[in-house]
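[1] Sharing a sequence plus its predicted fold:
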Amino acid sequence: MGIEMAYSSSRCRRGMIRATINMPKLRTSGISLKLPTRDLVQEVLDMGVGLTAATTGHVEKKYESITDTTFPSVSNVSDPMVIAKLHAIMEAVADRVEMHKNIGEQRDNWNHLLLTSINAITLTAATMAGIAATSVGGPLVALKLSSTLMYLAATGMLVVMNKIQPSQLVEEQRNAVRLFKQLHGQIQRTLSCGTPTSTDVEEAMEKVLALDKAYPLPLLGAMLDKFPKTVEPAVWWPQNKQRQRHSGRTDGNGWSMELEEEMREVVGVLKRKDTEDYLRLGKIALKVNKILAISGPLLTGLAACGTAFVGSSHGPWAATLGVVAGAMASVVNTMEHGGQVGMVFEMYRSTAGFFRLMEETIESNLSERDVGRRENGELFEMKVALQLGRSLSGLKDLAASSYSSSKNGDAIEEFASKLF
């Protein structure tokens, strides 16, 4: 009887202990049917409390671990209002892309239609002036008047066309479409990969407004000066601050002394070669465009004056002036707008702005003393290399070549960018 009671008591205690250890899975089939000895019963009685405490601590620790990994902290959850604002900005940016794209196509049509129409009017007026010089009697007055009126109309249209420079407007819209698409992608990455804050909203708003100012849509009042006194790089980014995306790391964040020196040399090459050269080319394109823009209306105006004197005592010279000046005006107009000199100037100005933005981005990273607040050095180096159309080894070779040239007092002949 004593043995049976001990066995029953031992079996109950073992069942309780197993329930504590394997909670919440109760498995009655795991109870051993082997008759325990007195030593085993005593050992179980002595260790029961310790096993229960250890098991309870393990369960609580496991619960805390699950809680920490499953449910994010409040600080990592974005404000729904911030997300809503970024979505609203992203929709506005997408709308800007469509607006600039449609208006760019419209202004491209302007360039082709105005060029064709003005050349047709000018050549027709020159033909009439030549016929009027050989006519006698009634048709002379009609031909003279028609030719003069057509030359005057061509002069007025040329003045307007040279003022607005449709080909340059088209290039502005192309750049705006590309840059707004970049901004749209940046906002998408912020929403999908990061934790947006109110600072991201402010930064996105500043970028949208800076792009609106750099590439305005209206022609009256807000249109950029097509013939500026000084050629400056295009600026389409906020100038008040440059906020870097940082990882919060303090172990170097991918930066080293060698990488900093490499970036300084790249900035030096960009300033001395790329930016300076494209500004020089922009000045040449602007000068050529000014000459052509003045010559076209001047020639059609002279042709109108010549046709007005056809049939007078200076008839032969007047007819010659009317025909030759009209033909030259067509050539000049074709060179200016068919060759899209205004577009070439805007391309040089925008490319110089691209290099200026790279300079400011690199300098803003280098000026930040806390490397943890910089953009990751390895990623930043790769971005700079891709933007310049170089490999990582090619970027290092450029920096080494710039360093050796400056040390020897020689001017470096290589450009930083291989794309433009």
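    The structure has been received and is ready for your questions.

[2] what helix or strand is Thr190 on?
    Thr190 belongs to helix 166-193 when assigned by DSSP states H and E.

[3] Determine the set of other helices and strands touching that helix.
    helix 80-134, helix 198-214, helix 341-367 (3 or more CB pairs under 8 Å, 6 or more residues apart in numbering; DSSP states H and E). C-beta coordinates here come from the backbone N, C-alpha and C atoms, glycine included.

[4] quick one: the residue nearest to the spatial centre of the chain and Gly353, what's the gap?
    Residue closest to the average C-alpha location in the chain (CA atoms, centre = their mean): Leu179, at 3.7 Å. Remark: distance between Leu179 and Gly353 (CB to CB, to the nearest Å) = 10 Å.

[5] what residues do these two have in common as contacts?
    Among the neighbours of Leu179, those also in contact with Gly353 (CB atoms under 8 Å, 6 or more residues apart in numbering) are Trp236.

[6] Can you tell me the closest non-neighbouring residue to Ala325?
    Distances taken as CB to CB, 6 or more residues apart in numbering put Ala303 closest to Ala325, at 3.8 Å, once the chain neighbours are dropped.

[7] In whichever strand or helix holds the one you found, which residues are buried?
    In this structure, Ala303 is located in helix 276-308 according to DSSP H and E. Residues 277-279, 281-282, 285-286, 288-289, 292-293, 295-308 are the ones in helix 276-308 that count as buried (16 or more other CB atoms under 10 Å).

[8] re the thing from before, taking helix 198-214 as reference, get the angle to the helix holding Thr190.
    Counting by axes from the mean of the first three to the mean of the last three CA atoms, to 10 degrees, helix 166-193 lies at 170 degrees to helix 198-214.

[9] from the chain's centre, how far out does helix 166-193 sit?
    From the chain centre to the centre of helix 166-193 is a distance of 6 Å (CA atoms, centre = their mean, to the nearest Å).

[10] low pLDDT regions in the chain?
    Low-confidence segments of the chain (pLDDT under 70): 1-77, 135-139, 240-251, 313-315.

[11] Apply 80 and report the result again.
    1-78, 133-140, 194, 239-252, 311-316, 409-411, 420 (pLDDT under 80).

[12] Pop the domain breakdown of it in here.
    Listed by automatic domain parsing, the domain ranges of the chain are 2-67, 77-223+255-408.

[13] Next, the contact list for the closest residue to Ile121 other than its chain neighbours, please.
    Leaving aside its sequence neighbours, Ile121 sits nearest to Ala154 (CB to CB, 6+ apart; 4.7 Å). Contact analysis of Ala154 by CB under 8 Å, 6+ apart lists 118, 121-122, 125, 300, 329.

[14] what's near enough to touch Thr197?
    When the contact criterion is CB under 8 Å, 6+ apart, the partners of Thr197 are 78-79, 82.

[15] Now the buried members of those.
    Buried among the contacts of Thr197 (16+ other CB under 10 Å): Val82.

[16] Of the contacts of Thr197, just say which sits nearest to Ala319.
    Nearest to Ala319 out of these is Val82 (CB to CB; 73.7 Å).

[17] give the contact list for that closest one.
    For Val82, the contact set (CB under 8 Å, 6+ apart) comprises 196-198, 200-201.

[18] Distance to Trp110 added to those residues, as a markdown table?
    Formatted as a markdown table, the contacts of Val82 follow (distance: CB to CB, whole Å):
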| residue | distance to Trp110 |
| --- | --- |
| Pro196 | 41 |
| Thr197 | 43 |
| Ser198 | 42 |
| Asp200 | 38 |
| Val201 | 37 |
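
[19] Next, give phi and psi for Asn376.
    Main-chain torsions, Asn376, degrees, to the nearest 10: phi -50, psi 130.

[20] That one: neighbour count?
    Per other CB atoms under 10 Å, the neighbour tally for Asn376 reads 18.

[21] Skipping its backbone neighbours, what lies nearest it in space?
    Gly254 (4.4 Å).

[22] before we move on, back to that, make a markdown table out of the contacts of Thr197 and add distance to Thr361.
    Output for those, formatted as a markdown table (distance: CB to CB, whole Å):
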| residue | distance to Thr361 |
| --- | --- |
| Ser78 | 26 |
| Asp79 | 28 |
| Val82 | 25 |
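
[23] I'd say Cys305 and Leu321 touch.
    Yes: taking contacts as CB atoms under 8 Å, Cys305 lies within contact range of Leu321: 7.4 Å.

[24] Against Met358, how distant is the residue nearest to Ala325?
    As judged by CB to CB, Ala303 and Met358 stand 48 Å apart.

[25] now swap in Pro238 and tell me
    Pro238 is 16 Å from Met358, by CB to CB.

[26] Show me which of those two is the more surrounded one.
    Legend: neighbour count by other CB under 10 Å for Pro238 and Met358, higher for Met358 (21 against 18).

[27] got the contact list for that one?
    Per CB under 8 Å, 6+ apart, neighbours of Met358: 270, 384, 387-388.

[28] so how far is stretch 125-145 from its chain's centroid?
    56 Å.

[29] Separate out the buried members of the contacts of Val82.
    Using 16+ other CB under 10 Å as the burial test, these include 196, 200-201 as buried.

[30] Now distance to His112 too, for these, in JSON lines please.
    Putting the buried ones among the contacts of Val82 into JSON lines (distance: CB to CB, whole Å) gives the following:
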{"residue": "Pro196", "distance to His112": "44"}
{"residue": "Asp200", "distance to His112": "42"}
{"residue": "Val201", "distance to His112": "41"}
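
[31] now, which of those residues sits nearest Leu113?
    For these, the nearest to Leu113 is Val201 (42.4 Å; CB to CB).

[32] Roughly how far does that closest one sit from His184?
    The value you get for Val201 to His184, if CB to CB is used, is 15 Å.

[33] surely Gly372 meets Asn253?
    Yes: counting by CB under 8 Å, Asn253 is a contact partner of Gly372 at 5.6 Å.

[34] The two: who's more crowded?
    For Gly372 versus Asn253, neighbours defined as other CB under 10 Å are more numerous around Asn253 (20 against 14).

[35] To which secondary structure element is that one assigned?
    Here Asn253 is covered by no helix or strand, with elements defined by DSSP H and E.

[36] How many residues are close by the closest residue to it other than its chain neighbours?
    Using CB to CB, 6+ apart and skipping the chain neighbours, the partner closest in space to Asn253 is Val371 (4.7 Å). A count of neighbours around Val371, defined by other CB under 10 Å, yields 19.
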